[in-house]
Structures are given as structure tokens and as C-alpha cells.
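**Q** sequence? don't have it. structure:
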């Protein structure tokens, strides 16, 4: 938790409560999502709502190609700092050839997640989503 507070302080960043922004920091819960995605090196993963990159980093460590979608551009410098230049970030869901989708989203936005997945129109092999409890 302290690392996240330091990271947010470094970038003078405060999560937007109106957007339901908060961060899943439980390592076990994050690894559970990655495990459920059953990723292999070379898989193309669409991650919706990458935030500060906690899940993005673990998805990338599997060797999968991760396309991170984050509506709030204020996160981009943090993501770049955490994950490097290779990270692809977008503010809207692009047309994607991703075969796996992973997402953590606020409970209040569960309807918009469905709309986002429909926009993408990818032939999903696997979808893994977790609603935050807040």
C-alpha cells in the first residue's frame, strides 16, 4: 500500500471518486485473475481499466501482448513509468485482435463493461472480469 501512495504522490495524482477509481492491490486477487485468464506467451490481451498497472504488469509477465485501455489519461505517465515504453495505451477500446480480455472495474460500471466488450467485437477465447467491492 505504501508503494502505491508513494507512486501517487510522485505524480501528484488523486483517484477520481466520480469515476469509481480505486486500486486492487491484493496480490492474491490479482494473480487469481491472471491464472483464470490461462495466458500463454504470444496471447493478445485487452485489459480494460488499467489504472496504475497492477494487473497490467502481471499480465505482461506471462509473455502475453497486453493492450491497456484506460479512460483517464492522467494514468499514462504512471503506466509508462511502471511498465515501460512498449506498453500500448488507449483511451477508447480500439478494434483489436485480442483473444483474451481482462478487466477490474468498479461495481457501478458493470453495465459499461458489457458495452465496451461489445464495441471491441473480438472473437474472445476467454474473458476474465472482477468487480471491485467498493
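**A** In hand now; what should we look at? Just so it is clear, the structure is predicted and the values come from calculations on it, not from any experiment.

**Q** switch to C-alpha atoms for all contacts and neighbour counts from now on
**A** Will do.

**Q** all strands of the protein, in order?
**A** 44-48, 65-69, 88-90, 100-106, 126-132 (DSSP state E).

**Q** pLDDT weak spots in this structure?
**A** For the chain, the stretches with pLDDT under 70 are 1, 17-21, 85-96, 105-127, 129-134.

**Q** 80 - rerun?
**A** 1-2, 4-5, 14-25, 49, 71, 84-98, 101, 103-134 (pLDDT under 80).

**Q** so who does the nearest residue to residue 41 once chain neighbours are set aside touch?
**A** Distance criterion Cα to Cα, 6 or more residues apart in numbering; nearest residue to residue 41, sequence neighbours excluded, is residue 63 at 4.1 Å. For residue 63, the contact set (Cα atoms under 8 Å, 6 or more residues apart in numbering) comprises 40-43.

**Q** show me just the buried residues among those.
**A** For the contacts of residue 63, a neighbour count by 16 or more other Cα atoms under 10 Å gives the buried set as residue 43.

**Q** the closest residue to residue 60 other than its chain neighbours and residue 6: what is the separation?
**A** Distances taken as Cα to Cα, 6+ apart put residue 66 closest to residue 60, at 6.1 Å, once the chain neighbours are dropped. Using Cα to Cα, to the nearest Å, one gets 25 Å for the distance from residue 66 to residue 6.

**Q** so between those two, which is more surrounded?
**A** Taking other Cα atoms under 10 Å, residue 66 and residue 6 do not tie; residue 66 has more neighbours (26 against 11).

**Q** correct me, but that one touches residue 57?
**A** No - applying Cα atoms under 8 Å, one finds residue 66 not in contact with residue 57, separated by 9.1 Å.

**Q** so what's the residue count around residue 128?
**A** The number of residues packed near residue 128 is 17, by other Cα under 10 Å.

**Q** partners of it in the sheet?
**A** Judged by DSSP bridges, the bridge partners of residue 128 are residue 102.

**Q** about what we covered before: measure the residue nearest to residue 41 to residue 36 for me?
**A** Using Cα to Cα, residue 63 is found at 15 Å from residue 36.
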